[in-house]
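S.K.: turn this into a structure:
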Amino acid sequence: MEIVNKEQESKGSYQALVEGEKVAEMTYSVAGTDRIIIDHTEVNEAYRGTGLGEKLVRKAVKDARNKKISIVPLCPFARSVFDKNEDLKDVL
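M.R.: Down below sits the predicted model:
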């Protein structure tokens, strides 16, 4: 499995690929130069409960730290990941 980030202008997504097939996606909007807004997370039914959605959030957090930007998790799933993991809250 690999996680890729695709970004065009003011929109982007993190996608989880298994053998080239997209099995999960988390979408976001770019808000200025210093933040992204996570607005939706979707995981293929066959992969639900495997932690794949959290891996997408963690990849976004890693990238946000590297870019020194913050994340606004409007998506209920992403918000729940942040609420459950103190180690991620530094990018909020």
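S.K.: name the SS class of residue 72, please.
M.R.: strand (DSSP: H, G, I helix; E, B strand; the rest coil).
S.K.: ditto for the one 10 residues further on
M.R.: The three-state label given to residue 82 by three-state DSSP is helix.
S.K.: my read: it touches residue 57, true?
M.R.: Yes - with contact defined as Cβ atoms under 8 Å, residue 82 and residue 57 form a contacting pair (7.5 Å). Yep, even glycine has a C-beta here, placed from its N, CA and C like the rest.
S.K.: spell out the secondary structure type for residue 29.
M.R.: Going by three-state DSSP: residue 29 is strand.
S.K.: ok, the residue lying closest to it once chain neighbours are set aside - contacts?
M.R.: Of all residues not flanking residue 29 in the chain, residue 37 sits nearest, at 4.7 Å (Cβ to Cβ, 6 or more residues apart in numbering). Residue 37 makes contact with 28, 29, 31, 71, 72, 74 under the criterion Cβ atoms under 8 Å, 6 or more residues apart in numbering.
S.K.: kindly state the beta-bridge partners for the second one.
M.R.: Beta-bridge partners for residue 29, by DSSP bridges, are residue 11, residue 37.
S.K.: count of neighbours near it?
M.R.: 15 (other Cβ atoms under 10 Å).
S.K.: would you agree it is in contact with residue 13?
M.R.: No - counting by Cβ under 8 Å, residue 29 stays clear of residue 13, with 10.4 Å between them.
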